[in-house]
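In: Quick check, what structure comes out for this input:
(one chain, ligands or ions: 2)
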Amino acid sequence: MTGAVRAAVLGAGSWGTTFAKVLADAGCAVTLHARRPELAAAITADRENADYLPGVRLPESLRATTDAAEALDGASVVVLAVPSQSLRENLTAWTPLLPPDASLLSLMKGIELGTTKRMSEVICEVTGAGADRVAVLSGPNLAREIAEEQPAATVIACPDHQRAAAIQAACLTAYFRPYTNTDMVGCELGGAVKNVIALACGVAEGMGFGDNTRASLITRGLAETARLGSALGAELTTFAGLAGLGDLVATCSSPLSRNRTFGEKLGRGMSLEEVQRSTRQTAEGVKSCRPVLELGLAHGVEMPITEAVVRVCHEGVTAAQMVKEIMSREAKAE
Ligand SMILES: NC(=O)c1ccc[n+]([C@@H]2O[C@H](COP(=O)([O-])OP(=O)(O)OC[C@H]3O[C@@H](n4cnc5c(N)ncnc54)[C@H](O)[C@@H]3O)[C@@H](O)[C@H]2O)c1
Ligand SMILES: O=P(O)(O)OC[C@H](O)CO
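Out: Ligands and ions are numbered 1, 2, ... in the order given. Purely as a prediction, here's the structure:
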């Protein structure tokens, strides 16, 4: 492995483990940080993360540890793959251990509750790193499909194009094709808001509605995402790309999506608490919908689908009422 890029992946859930596999398959020397010793030991001994990716064989070269200092030692790429709402706390503990010039790559698709900050903003704030050291990876990347080496593309955004290109080279494999972009705001918003729209699509699915409803939600969801992005300085073309439309379509259509599945259970009549009890995995849109709506309100951007999701998830509105509210809005031009 002499000369290989050293990467640390912090967070051994579905996507962290999958992306660690991608990096290892691309030739990087990768250490994956897990919180639980039994999980780290099982990944190393059995080459499997049975909790999150049962049946997926992990590369021999992939190491796992619970020791963050060990994972971060000598890493030139540090990958952050924890739930968005716990990033600040996790990163505060990891910051003293970060190698000074390492690229900090966010895999997360959420907006922070209370601050309405994007993940790259949280990373800069907590670590003191300059914005040009922070990158985001976002696209139609359902973890299970990538772990099974089904071909897919993604976007790596960084204000520093050279850094984005270096990360691109570090994770390019026969089944995973990253493109570079410099639009952080667009890529991060695309990833965070699509989870909210996927919740709405799930609710529609759970209520028994079909493809017309889903296509309408996807299209109008993209419209409200792009409106917000435009107000926040994103490039509109980003929303027509992999981190926008690509991810939105994949997440809103796939039974593998946790957000869509969460919404589906709400649409079938389960309460928020019942659905939360039924899964251990992160459905980011449930918490991010509120800060996304707050961003919209702060910038004078109408986000009716996001608002409906907030009302169903957090204000006790039923799925049937949600449909009524969306469909009885004032008629307007597209
Ligand atoms: N799973 C996917 O298909 C996928 C794809 C692309 C992006 N993402 C994004 O990647 C991020 C991570 O998602 P994931 O799918 O790996 O999530 P997950 O729920 O599968 O795993 C989360 C991981 O974070 C760890 N963790 C650390 N601190 C935690 C805390 N305080 N609370 C809870 N867990 C904590 C958990 O132990 C676990 O290993 C999310 O923002 C998600 O939107 C996921
Ligand atoms: O399972 P979800 O809903 O978190 O979506 C996973 C990925 O973000 C799809 O790109």
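In: Just give the nearest non-adjacent residue to the residue nearest the centre of the chain, would you?
Out: Centroid-nearest residue in the chain: Lys109, 2.9 Å away (criterion: CA atoms, centre = their mean). Leaving aside its chain neighbours, Lys109 sits nearest to Gly191 (3.5 Å; criterion: CB to CB, 6 or more residues apart in numbering). Placement of C-beta: from N, CA and C, glycine included.
In: For Val22, see how far away the one you found is.
Out: Look at Gly191 and Val22: by CB to CB, to the nearest Å, they are 17 Å apart.
In: So for the residue nearest to the centre of the chain, what pLDDT did the model give?
Out: Per-residue confidence (pLDDT) for Lys109: 98.
In: how about it, secondary structure?
Out: Of the three states, Lys109 takes coil under DSSP: H, G, I helix; E, B strand; the rest coil.
In: Sketch out the low-pLDDT regions of the stretch 1-150 of the chain for me.
Out: Along the stretch 1-150 of the chain, segments meeting pLDDT under 70 span 1-2.
In: which residues does the residue nearest to the centre of the chain contact?
Out: Ser84, Ser138, Glu188, Gly191, Ala192, Lys194, Asn195, Glu284, Ser288 (CB atoms under 8 Å, 6 or more residues apart in numbering).
In: hmm, back to that, out of Gly191 and Val22, which sits in the busier spot?
Out: For Gly191 versus Val22, neighbours defined as other CB atoms under 10 Å are more numerous around Gly191 (32 against 27).
In: The helix or strand in which the more buried one is found: which residues count as buried?
Out: Under the criterion of DSSP states H and E, Gly191 resides in helix 184-206. Neighbour counts using 16 or more other CB atoms under 10 Å place 184-206 of helix 184-206 among the buried residues.
In: shouldn't Ile123 be in contact with Gly130?
Out: No. Counting by CB atoms under 8 Å, Ile123 stays clear of Gly130, with 10.7 Å between them.
In: Comparing the two, which residue is more hemmed in?
Out: The neighbour count for Ile123 versus Gly130, taken as other CB under 10 Å, is higher for Ile123 (27 against 10).
In: Now do the contacts for the more buried one.
Out: Counting by CB under 8 Å, 6+ apart, Ile123 makes contact with Leu80, Leu87, Leu91, Leu104, Ser106, Ala129, Val134.
In: if you skip the residues just before and after it, what's nearest to the second one?
Out: Here the nearest residue to Leu87 in space, its sequence neighbours aside, is Val122; by CB to CB, 6+ apart that works out to 5.5 Å.
In: residue contacts, the one you found?
Out: Val122 sits in contact with Leu87, Arg88, Leu91, Glu112, Thr115, where contact means CB under 8 Å, 6+ apart.
In: Same check on Lys21?
Out: Counted by CB under 8 Å, 6+ apart, Lys21 has contacts Val56, Leu58, Pro59, Leu62, Ala147.
In: Surely the second one forms part of a strand?
Out: In this case it means Leu58. No. Checked against three-state DSSP, Leu58 lies outside a strand; its state is coil.
In: Counting neighbours, what do you get for it?
Out: 23.
In: Gln150 now?
Out: Neighbours of Gln150 using other CB under 10 Å come to 11.
In: could you measure the residue lying closest to it once chain neighbours are set aside against ligand 2, distance?
Out: Counting by CB to CB, 6+ apart, Gln150 lies nearest to Tyr175, which is 6.6 Å off, once chain neighbours are set aside. Tyr175 sits 15 Å away from ligand 2, going by CB to the nearest ligand atom, to the nearest Å.
In: Quick check: Gly191 touching Ala250?
Out: No. Counting by CB under 8 Å, Gly191 stays clear of Ala250, with 11.4 Å between them.
In: list the contacts for Leu104?
Out: Val78, Leu80, Leu98, Ile123, Thr127, Ala129, Arg133, Val134, Ala135.
In: Quick one: buried ones out of the contacts of Lys21?
Out: The buried subset of those - by 16+ other CB under 10 Å - is Val56, Leu58, Leu62, Ala147.
In: Now render those residues as TSV, adding distance to ligand 2.
Out: What follows is the buried ones among the contacts of Lys21, written out as TSV (distance: CB to the nearest ligand atom, whole Å):
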residue	distance to ligand 2
Val56	16
Leu58	19
Leu62	21
Ala147	12
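In: where does the stretch 201-334 of the chain dip in pLDDT?
Out: For the stretch 201-334 of the chain (pLDDT under 70), the answer is none.
In: Ligand 1 contacts on that one?
Out: Gln281, Thr282, Glu284 (CB under 6 Å from any ligand atom).
In: could you redo the last one with a cut-off of 8 Å?
Out: Leu256, Ser257, Arg258, Arg280, Gln281, Thr282, Glu284 (CB under 8 Å from any ligand atom).
In: Looking at the residues you listed, spot the one nearest Ala34.
Out: The closest of these to Ala34 turns out to be Arg280 (CB to CB; 14.1 Å).
In: Helix or strand for that closest one, just tell me which one.
Out: With DSSP H and E as criterion, Arg280 is part of no helix or strand.
In: How many residues are close by it?
Out: When counting by other CB under 10 Å, one arrives at 9 neighbours for Arg280.
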